[in-house]
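1. could you work out the structure for the sequence below:
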Amino acid sequence: MTDQSTFPDPTYRDTVLAPLFEGVKAHFAGHMAAINKAHLVMLVETGILSAEQGVKIADALAAVDAETDIASLTYTGEHEDYFFFVEAELKRRLGADLGGMLHTARSRNDMDHTVFKMALRQRTDAMLAAMIELAEALIAKAAQERDTLIVAYTHGQPAQGSTFGHYLAAAIEVLLSDIARLGQARRALDLCPMGAAAITTTGFPIVRERVAELLGFSAAKRNSYGCIASVDYITGLYSALKLPFLHLGRLIQDMAFWSAFEVGQLYVPNALVQISSIMPQKRNPVPIEHLRHLASTTVGRCETMIVTMHNTPFTDMNDSEGEVQTAGFASFESGARVIALLTAFLPACRIDEDAVRRNADAACVTITELADTLVRDESLSFRQAHEIAANTSRRVIADGKPLGDGYAAFTSAFENETGRETILDEKRFAEAVSLQTFVARRDRFGGPAPAALDAALAAYEDDLTRLRADLRSSADQIAAADAALATHFNALRETA
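-> Next comes the predicted model:
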């Protein structure tokens, strides 16, 4: 039976090819144009194409770029994809023979993964820049809030006194690790697949390193099979991209908890609060909810990219290409919104000192320092001191008193446990259980005391300086390559 059908089937055209074409228009066409130029320069430099052939193809490429309004193109099915559209335009201008010579020693396989890496490189660098800006804002906020007292929570319950600066410093450490991790994943994007052709490179004397250089890559990716089969640049990147939003989501959830009416530790300014349509007393810090769901959405989108690669064959496949790549870009879009909003939100908030004092008093969050003081000053074992402190806190909580007013409860607990009077007078007791003393005495490496926190923030600034330098180096490399490509491509056109 003779097959009378013709490509493309209308349903396949509308459900697969047309969306792919739209994706190329939106995300990859400019990168494909750069690949065409760089590949042509290399073909002429190696003598695979003559200078005369090179100038004609270069002029035709320039004309296609200048005369094609990519945004207005509509997929008709006449050409399978955007690559064949460009090749058809070259053949129309140059004839079928010369127009097809640009494709010497390359395949859509190596071109695809090169444009994907170029698009991901661009988005990753933008994300790194935004994350560095967030880290800068958090470091500045932590320095500003170095001495601002807070109640730190564990298991959802008031635990100990600390400072807002110390809390933010913990988040900064994680963020800096996440930036470094994403920067490490970005290195896989810096290896160029061009020259791998379909699978095994080519019999032509190409110089793969030259194309990589002109496209702003650090080097050519070595194994040609891996250039078109390895998807670790995808799985590694999205694994690294997922983690900042997973981690920031925990910080965001604390902001929701701290700003709750019953806790009230975090005050969100009016500019970031929405009112109820029916309840006039409500102050709803809705940006926190948007931060939370956008962070979770970003995590989910990254995970989708990783899972899509699961149980796929180790070869060229559409599962890692076109529409899948475009879907992954949504992770960068929602993630960028999280970073931008959080960069504005956290510096604008402040700690409600009255709420901190109220919660600290109600929960006896400095009682650990009373036990430590008893060990140091009364020469008690920590277990004895812990028992006295526990009984003191139970008594003042039952009486509804602040811990600082609990001297009588303390002396009673001390005498019951030790059979003697304490050497601490009321003033020394009050000092031992104050929030200021609690923080000041925790001046070990990494603690919340001013000197320890100042040293930490200085170290974070050093880390950030290195991360900024890495990002600038990448940007300079790409800018230099863009300039070199323009120079060499234009020189082709000027060849007599």
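
2. from Val211, how far out is the closest residue to Arg493 other than its chain neighbours?
-> Computed as CB to CB, 6 or more residues apart in numbering, the closest residue to Arg493 that is not its neighbour in sequence is Ala58, at 4.7 Å. (Glycine included, C-beta is placed from N, CA and C.) Going from Ala58 to Val211 by CB to CB, to the nearest Å gives 15 Å.

3. repeat that for Thr15.
-> Per CB to CB, Thr15 is found 34 Å from Val211.

4. tell me which of those two has more neighbours.
-> Val211 (26 against 10; other CB atoms under 10 Å).

5. tell me the phi and psi of that one?
-> phi -60, psi -40 (degrees, to the nearest 10).

6. again, but for Ala220
-> phi -80, psi 140.

7. ok, the nearest residue to Arg92 once chain neighbours are set aside - contacts?
-> Closest residue to Arg92 apart from its sequence neighbours, by CB to CB, 6+ apart: Gly99 at 7.3 Å. By CB atoms under 8 Å, 6 or more residues apart in numbering, Gly99 lies in contact with Ile57, Ala60, Glu87, Leu90, Lys91, Arg92, Arg93.

8. switch the cut-off to 7 Å
-> Glu87, Leu90, Lys91, Arg93 (CB atoms under 7 Å, 6 or more residues apart in numbering).

9. out of these, who's nearest Leu43?
-> Distance to Leu43, by CB to CB, is smallest for Leu90 among the contacts of Gly99, at 13.6 Å.

10. the closest one against Asp59, yeah?
-> No: Leu90 is not in contact with Asp59 according to CB atoms under 7 Å; the separation is 10.5 Å.

11. sorry, back to before: quick one: distance of the helix or strand hosting the residue nearest to Arg493 to the chain centre.
-> Using DSSP states H and E, Ala58 maps to helix 51-67. Offset of helix 51-67 from its chain centre (CA atoms, centre = their mean, to the nearest Å): 40 Å.

12. and for the helix or strand that comes right after that helix, what are the contacting residues?
-> Counting by DSSP H and E, the next helix or strand C-terminal to helix 51-67 is helix 82-94. Under the contact criterion CB under 7 Å, 6+ apart, helix 82-94 has outside partners 21, 24, 29, 32, 56-57, 60, 63-64, 79, 99-100, 102-103, 108, 111.

13. same question for stretch 397-411.
-> 361, 364, 366-367, 392-393, 395-396, 422, 426, 429-430, 433-434.

14. measure Gly183 to Phe332 for me?
-> 15 Å.

15. likewise for Thr68?
-> Distance from Thr68 to Phe332, by CB to CB: 26 Å.

16. where do the strands of the stretch 51-200 of the chain begin and end?
-> In the stretch 51-200 of the chain, the segments counted as strands under DSSP state E, counting those that start in this stretch are 149-154, 157-163, 191-192.

17. so which of those is the most surrounded?
-> strand 191-192 (a mean of 23; mean count of other CB atoms under 10 Å).

18. for it, name the packing helices and strands.
-> strand 219-220 (3 or more CB pairs under 7 Å, 6 or more residues apart in numbering; DSSP states H and E).

19. who does the strand it packs on touch, helix- and strand-wise?
-> Using 3+ CB pairs under 7 Å, 6+ apart: strand 219-220 touches strand 191-192, helix 208-214.

20. strand partners of it, parallel vs antiparallel please.
-> Sheet pairing for strand 219-220, assigned by DSSP bridges, gives strand 191-192 (parallel).

21. tell me how many other residues crowd Leu49.
-> 22.

22. pLDDT score assigned to the residue nearest to it when sequence neighbours are not counted?
-> Distance criterion CB to CB, 6+ apart; nearest residue to Leu49, sequence neighbours excluded, is Leu43 at 4.4 Å. Reported pLDDT at Leu43 in the predicted model: 98.

23. between whatever helix or strand Leu43 lives in and helix 51-67, how big is the angle?
-> Per DSSP H and E: Leu43 is located in helix 29-45. Per axes from the mean of the first three to the mean of the last three CA atoms, to 10 degrees, the angle that helix 29-45 makes with helix 51-67 is 170 degrees.

24. so for the lowest-mean-pLDDT helix or strand in the chain, what gets flagged as buried?
-> Sorting the helices and strands of the chain by mean pLDDT, DSSP states H and E puts helix 18-27 at the bottom, at a mean of 90. Buried residues in helix 18-27, counted by 16 or more other CB atoms under 10 Å: Ala18, Leu20, Phe21, Glu22, Gly23, Val24, Lys25, His27.

25. residues near the residue nearest to Leu49, how many?
-> The number of residues packed near Leu43 is 25, by other CB under 10 Å.

26. excluding its own residues, what touches stretch 138-157? List them.
-> Contacts to stretch 138-157, defined as CB under 7 Å, 6+ apart, come from residues 158-165, 167-169, 171-172, 175, 265, 346-347, 351, 356, 359-360, 365, 435, 439, 450, 453, 457, 460-461.

27. first-to-last residue distance for that stretch?
-> 25 Å (CA to CA, to the nearest Å).

28. and for stretch 4-17?
-> Start-to-end, stretch 4-17 (CA to CA) is 21 Å.

29. need the contact list for Leu243.
-> Per CB under 7 Å, 6+ apart, neighbours of Leu243: Asp178, Arg181.

30. so it: helix, strand or coil?
-> Secondary structure, DSSP: H, G, I helix; E, B strand; the rest coil: Leu243 is helix.
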